[in-house]
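Q: Structure for this input, please:
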Amino acid sequence: MIVLGIDPGSHATGYGVVTTGPVARMLAGGVIRTDSGSPLADRLATIHRGVSAVIAEFRPGVMAVENLFNAKNARSSLILGHARGVILLAGAEHGLTVAEYAPREVKQAVTGNGAASKEQVRFMVVRLLGLRESPALDQSDALAVALAHMGRTHRRGMA
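A: Next up is the predicted model:
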């Protein structure tokens, strides 16, 4: 099965495409970047198009998305919620099963520590996927979400 992991953001949305099997393997990953000077609606459209393009190219069986966390302020949380909304819409439009994970749950699954730093998460993602280079933090967070989903479904006997 192919799992698409998403780390939502209104300026940078990370994505990671991972295959399941005896050994997890990264098929693709990257960051969908928006123009910070653009209106929110334009940034949301860019995120939606980018996620839809990744789904169309790799045809994942499931999309795993990181849940909201308590941002620095209410406005940041609201904008992040909008970004998550267009990401969830893209998954629904393509008929994907969508799983959502709290940031702490993702960190716990990948590092064994729910309070791990982004750098610790990236370190473990590189190790778990046998990557030769360290990905951008937004991409490694997305790969971690995919790995967390794989771990959860494997424990339930669904992988």
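
Q: and the helix or strand of the chain with the lowest mean pLDDT, how far out from the chain's middle?
A: When the helices and strands of the chain are scored by mean pLDDT, DSSP states H and E, helix 137-155 comes last with a mean of 90. Helix 137-155 sits 7 Å away from the centroid of its parent chain (Cα atoms, centre = their mean, to the nearest Å).

Q: likewise stretch 54-61?
A: 13 Å.

Q: Ok, stretch 105-113 next?
A: 14 Å.

Q: Alpha carbons of that stretch, in CSV - could you do that?
A: Extracted C-alpha coordinates of stretch 105-113, given in CSV (Å, rounded to 0.1, in the frame of the first residue of the first chain):
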residue,chain,number,x,y,z
GLU,A,105,1.3,10.9,18.6
VAL,A,106,3.5,11.2,15.4
LYS,A,107,6.6,12.1,17.5
GLN,A,108,5.9,9.2,19.9
ALA,A,109,5.5,6.7,17.0
VAL,A,110,8.6,7.7,15.2
THR,A,111,11.0,8.6,18.0
GLY,A,112,9.5,7.1,21.2
ASN,A,113,9.2,10.6,22.7
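
Q: which residues touch the spatially closest residue to residue 94 that is not a sequence neighbour?
A: Nearest residue to residue 94, sequence neighbours excluded (Cβ to Cβ, 6 or more residues apart in numbering): residue 55, at 4.7 Å. C-beta here means a position set from N, CA and C on the backbone, and glycine is covered the same way. Residues in contact with residue 55, defined by Cβ atoms under 8 Å, 6 or more residues apart in numbering, are 4, 63, 90, 91, 94, 96.

Q: again, but for residue 125
A: If you count contacts by Cβ under 8 Å, 6+ apart, residue 125 has them with 110, 131, 135, 140, 143, 144, 147.

Q: Wasn't it part of a strand?
A: No - secondary structure of residue 125 (DSSP: H, G, I helix; E, B strand; the rest coil): helix, not part of a strand.
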